[in-house]
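**Student:** quick one: sequence plus predicted model below, questions after.
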Amino acid sequence: MLEWYEVGIGLLTLLILFIVMGLPIPFALAGASIPFLLSIQSFSTTLVTAELKMWGVWGDYVLLSVPLFVFLGELIGRSNIGPNLYWFMHSKVPVKGSAAYGSVAACAGFGAVCGSSMVGSLTIGGVALPAMLKLGYDKRLASGVLAAGGTLSVLLPPSLILLFYGIVTDQSIGQLFIAGVMPGIVLVMLFFVVIKVWNMVNSNAIPSSDDSDSIPWGLALSAVLPVIVIGFIITISIYAGIATPTEAAGLSCVITLLLSFAVGGMNLKGLNEAIKATMKTMGYLGLLLSAGVLFGFVMTYYQVPQEFSALFTSFELSPYETLALIILFYIALGMFLEPVSMTFITLPTLFPLIQASGFDLIWFGVIYTITMEVAVLTPPVGLNLYVIQSIEKNQLTIVDVIKGCLPFIGVLVSLIILMIAFPGIATWLPNIMG
């Protein structure tokens, strides 16, 4: 029988090889797993095992919330609720740089009803970026604000990354969602500080006046009220135990669908596009989750996570040294993999180290999520960078977007340090509500 380290190195080598060959990550995960399954089972048994592991995972009721949250975000994004939310956030704020501040606020509001960073950047960015460039904002500031603003969707509940973290590590989804609220608010404030400092350093980055039209109050309410209602339903119902994440997601989808048609200008074409986009997203996420479970089964069979944890523990590093190494590892890995892939590939192996170090597992879930936010802003595989650049290809280069994101990446790293120094930022709210 193969040793655990031989299996670990073999899995990693095959995975990297398949990814470099251009194979999609779900197929790379499954492809790397099959040879090691064949080494312990016959071909026919391997097929049965692969089928049971890859499709059996979808018997988990909690996972039904994933496509529902994705669909909810698509509904908001394809109705007028998202664009009107941005319009309200900047036209009703009589300060210099209102479009920049409003973009962050709109991304935070959108994050309260959508768990996807990419959808958040695309929805608010699609409206805000052309408007900001037209008003005369520095293109690096505008692109950086919107690329970074999208990351608020994966920290403020509902968050797909927090949801997947909870599933992989068997932690309370409700507590994770509540734990993300305070760090999310702090991050919004820090983004505001970056905009203010940017303007102080370069007074030409922000136009002296914003001559865009003010949104009528009726339209403003039609955007703000749905976001408040949906965010309240998701957060309170899950944490209070009134509904499971799946039930809350289902109820929110129904209400969002009704509001999209009633006040959001949604039509049947938009609904059809939202359904197609959800199916496309879930086609990838579904395969990724299934292949990740198969990959995890092979690692668990050979006890790779347990043996790796034992080896790492033998170095007798302090808990904070262990935490620092894991964070640095994820920041480096985030340059090459997107967050969901990282969650299913690495978390089963590294999570036991955090557990053994004695850290609060809900708190680490928030730290992990912030680290994933850094991942979507770091090249060469920073998804939000390409989403924002694609909106204004003629005026923006990918280098402009990267340079615009650098101060915000610094803020995200600062928030991680702040969370380590003051864990109560994440744990206070779940503790008083518990």
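**Tutor:** In hand now; what should we look at? Residues are numbered from 1 along each chain as shown.

**Student:** any idea which element residue 47 lies in?
**Tutor:** helix 43-56 (DSSP states H and E).

**Student:** what's the average pLDDT for that helix?
**Tutor:** When pLDDT is averaged along helix 43-56, the result is 73.

**Student:** please apply the same query to stretch 77-97.
**Tutor:** Mean pLDDT, stretch 77-97: 78.

**Student:** can you get me the start-to-end distance on that stretch?
**Tutor:** Stretch 77-97 stretches 24 Å from its first residue to its last (Cα to Cα, to the nearest Å).

**Student:** what residues of it count as buried?
**Tutor:** Applying a neighbour-count criterion of 16 or more other Cβ atoms under 10 Å, one finds 77-91, 96-97 buried in stretch 77-97. In short, each C-beta sits where N, CA and C put it, glycine included.

**Student:** so which of those belong to helices?
**Tutor:** Applying DSSP state H to the buried residues of stretch 77-97, the entries found in helices are 77-78, 81-91.

**Student:** quick one: distance of the one helix or strand residue 222 maps to to the chain centre.
**Tutor:** Secondary structure assignment for residue 222, by DSSP H and E: helix 217-239. Helix 217-239 sits 20 Å away from the centroid of its parent chain (Cα atoms, centre = their mean, to the nearest Å).

**Student:** please tell me how far the residue nearest the centre of the chain sits from residue 223.
**Tutor:** Taking Cα atoms, centre = their mean, the centroid of the chain lies closest to residue 154, which sits 3.5 Å from it. As judged by Cβ to Cβ, to the nearest Å, residue 154 and residue 223 stand 22 Å apart.

**Student:** quick one: list the elements packing against the lengthiest helix in the chain.
**Tutor:** Ordering each helix of the chain by length in residues (DSSP H) puts helix 268-301 first. Under the contact criterion of 3 or more Cβ pairs under 8 Å, 6 or more residues apart in numbering; DSSP states H and E, helix 268-301 touches helix 4-20, helix 25-38, helix 43-56, helix 65-78, helix 245-262, helix 339-357.

**Student:** can you give me the pLDDT of the residue lying closest to residue 25 once chain neighbours are set aside?
**Tutor:** Setting aside the residues directly before and after it, residue 25 is nearest to residue 341 in space (Cβ to Cβ, 6 or more residues apart in numbering), at 4.9 Å. For residue 341, the pLDDT comes out at 79.

**Student:** helix 268-301 and the helix holding residue 47, what's the angle between them?
**Tutor:** 130 degrees (axes from the mean of the first three to the mean of the last three Cα atoms, to 10 degrees).

**Student:** CA atoms only for stretch 258-269 - export them in PDB, please.
**Tutor:** What follows is stretch 258-269, C-alpha atoms only, in PDB (Å, rounded to 0.1, in the frame of the first residue of the first chain):
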ATOM      1  CA  LEU A 258     -42.100  38.900  -6.900                       C
ATOM      2  CA  LEU A 259     -40.300  42.200  -6.000                       C
ATOM      3  CA  SER A 260     -38.200  42.000  -9.200                       C
ATOM      4  CA  PHE A 261     -41.400  41.900 -11.300                       C
ATOM      5  CA  ALA A 262     -43.400  44.300  -9.100                       C
ATOM      6  CA  VAL A 263     -40.900  47.100  -8.600                       C
ATOM      7  CA  GLY A 264     -37.700  46.000 -10.300                       C
ATOM      8  CA  GLY A 265     -38.700  46.100 -13.900                       C
ATOM      9  CA  MET A 266     -38.000  42.400 -14.500                       C
ATOM     10  CA  ASN A 267     -39.500  40.800 -17.600                       C
ATOM     11  CA  LEU A 268     -39.700  37.200 -18.900                       C
ATOM     12  CA  LYS A 269     -36.500  37.700 -20.900                       C
END
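
**Student:** coming back round to it: got the ones in helices among the buried residues of stretch 77-97 as CSV, with distance to residue 327 columns?
**Tutor:** Formatted as CSV, those follow (distance: Cβ to Cβ, whole Å):
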residue, distance to residue 327
77, 31
78, 36
81, 36
82, 32
83, 36
84, 38
85, 33
86, 32
87, 38
88, 37
89, 32
90, 34
91, 39
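
**Student:** closest to residue 204 out of the residues you listed?
**Tutor:** Residue 204 lies nearest to residue 90 out of those, by Cβ to Cβ, at 19.2 Å.

**Student:** wait, what's in contact with the closest one?
**Tutor:** Each residue near residue 90 by Cβ atoms under 8 Å, 6 or more residues apart in numbering is listed here: 98-99, 101-103, 105-106, 128, 210, 212.

**Student:** tell me which other helices or strands the one helix or strand in the chain whose mean pLDDT sits lowest touches.
**Tutor:** In the chain, no helix or strand scores lower on mean pLDDT, DSSP states H and E than helix 43-56, which sits at a mean of 73. Where contact means 3+ Cβ pairs under 8 Å, 6+ apart, helix 43-56 is packed against helix 25-38, helix 268-301.

**Student:** good, we can wrap up now.
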